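Visitor: Next come a sequence and a model predicted from it.
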Amino acid sequence: LIDLYEESQPSSERLNAFRELLSQLEKALYLPEMEALKKQILQIPNKGSGAARFLLRTAMNEMAGKTSESTADLIRFALQDTVISAPFRGYAGAIPEAIDFPVKYVIEDISVFDKIQTNYWELPAYESWNEGSNSALLPGLLRESQSKGMLSKCRIIENSLYIGHSYEEMFYSISPYSNQVGGPYELYPFTFFSMLQEVQGDLGFEQAFATRNFFNTLVSDRLSLMENTMLLTESFDYTPWDAIYGDINYDEQFAAMSINERIEKCMNTYR
């Protein structure tokens with residue numbers, strides 16, 4: 001939060017006090033012997049996310065002998081992961097009391113849909129709606145989708161769009177894999193999701209629109225998944241693989257294979 005304040009208010013007279021507070025917090029959180037760890041964690045652009053909290057806890061458990069030595073690998077993963085390593089640019093404001101579901105994403109001003117390249121309101125399917133912009137089309141898309149029991153956790157209040165579905169949930173609930181192809185309600189949620197995909201720009205949906213709480217949860221979940229993967233691989237028996245590929249250069253072995261052939265080759269090793 002202090003970083004965000006400094007970025008938005010670079011000339012504020014409160015900055016010195018906030019910087020001193022930040023220094024005191026860092027001294028309280030990181031023991032002297034954790035100086036190297038602190039420097040690595042603070043390399044992560046999104047320092048205010050769940051990443052620092054998760055990595056600090058992992059490091060302290062490792063120092064106490066409660067877990068294996070995984071902190072260094074987790075830090076490397078965090079620095080390379082497309083979500084964890086990206087600065088948080090989402091929504092940090094308040095959620096209206098009228099919203100009766102946990103909000104994951106917020107698009108503060110739906111007029112941003114009018115700046116994307118595609119004019120969805122001009123598509124033949126919506127000509128009879130007589131809307132003059134993408135933002136004007138949006139309420140109708142939600143109304144039609146929700147009348148069929150879809151996108152129920154989406155609400156527009158005072159020109160802001162609040163979304164309680166995860167990006168993955170929306171993708172799998174409005175795709176041909178979960179809906180009957182040719183069904184009467186496919187068009188509206190498809191159009192809605194297409195608009196979301198286009199409006200996210202280069203940032204990615206999580207970075208652009210996630211609430212801070214959801215973003216922190218997402219970061220922690222990704223780190224937890226990686227940590228569990230590391231724990232599983234510690235006891236994994238690589239003997240069958242090494243017996244076949246131990247002396248083979250992997251790049252040369254797989255260079256002439258397609259992705260499917262590589263996967264099949266790996267799977268066959270353990271049959």
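Guide: Structure's in. What do you need?

Visitor: residues of stretch 133-151 that come out buried?
Guide: 134-138, 140-142, 144-146, 150-151 (16 or more other Cβ atoms under 10 Å). From N, CA and C alone the C-beta is placed, and that goes for glycine too.

Visitor: mind listing what the residue positioned nearest the centre of the chain touches?
Guide: Centroid-nearest residue in the chain, with Cα atoms, centre = their mean: Glu206, separated by 4.2 Å. By Cβ atoms under 8 Å, 6 or more residues apart in numbering, the contact set of Glu206 is Val83, Gly90, Tyr167, Phe215, Leu218.

Visitor: Which one of the buried residues of stretch 133-151 is nearest to Leu79?
Guide: Nearest to Leu79, judged by Cβ to Cβ, of these is Leu151 at 35.3 Å.

Visitor: who's in contact with the closest residue to that closest one other than its chain neighbours?
Guide: Nearest in space to Leu151, with sequence neighbours left out and distances taken as Cβ to Cβ, 6 or more residues apart in numbering, is Ser145 at 4.4 Å. By Cβ under 8 Å, 6+ apart, Ser145 lies in contact with Leu151, Cys154, Ile174, Tyr185, Tyr188, Pro189, Phe192.

Visitor: give me that answer again for 7 Å
Guide: Leu151, Tyr185, Tyr188, Pro189, Phe192 (Cβ atoms under 7 Å, 6 or more residues apart in numbering).

Visitor: For the spatially closest residue to the last one that is not a sequence neighbour, give me the pLDDT.
Guide: Counting by Cβ to Cβ, 6+ apart, Leu141 is the residue found nearest to Phe192 once chain neighbours are left out, at 4.5 Å. With respect to pLDDT, Leu141 has a value of 95.

Visitor: what separates the helix or strand hosting Leu141 from the chain centre, distance-wise?
Guide: According to DSSP states H and E, Leu141 maps onto helix 134-147. Mean-position distance between helix 134-147 and its chain equals 25 Å (Cα atoms, centre = their mean, to the nearest Å).

Visitor: Just after it, pick out the following helix or strand.
Guide: Past helix 134-147, the next helix or strand by DSSP H and E is strand 154-157.

Visitor: Output that next one as CSV - backbone C-alpha positions only.
Guide: What follows is strand 154-157, C-alpha atoms only, in CSV (Å, rounded to 0.1, in the frame of the first residue of the first chain):
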residue,chain,number,x,y,z
CYS,A,154,-22.1,-10.2,-12.2
ARG,A,155,-23.7,-6.8,-11.4
ILE,A,156,-23.5,-3.3,-12.8
ILE,A,157,-23.9,-0.6,-10.1
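
Visitor: And for it, what's in contact with it?
Guide: Pro96, Ala98, Ile99, Ile110, Leu138, Pro139, Leu142, Leu161, Tyr162, Ile163.

Visitor: Chain neighbours aside, what residue packs nearest to the third one?
Guide: What that stands for is Ile99. Using Cβ to Cβ, 6+ apart, the nearest residue to Ile99 is Tyr162, at 5.5 Å.

Visitor: cool, the first one as well?
Guide: Spatial nearest neighbour of Pro96, chain neighbours left out: Ile157 (5.3 Å); criterion: Cβ to Cβ, 6+ apart.

Visitor: again, but for the second one
Guide: Closest residue to Ala98 in three dimensions, ignoring its sequence neighbours and counting by Cβ to Cβ, 6+ apart: Ile157, at 6.3 Å.

Visitor: I'm done for today, thanks for sticking with me.
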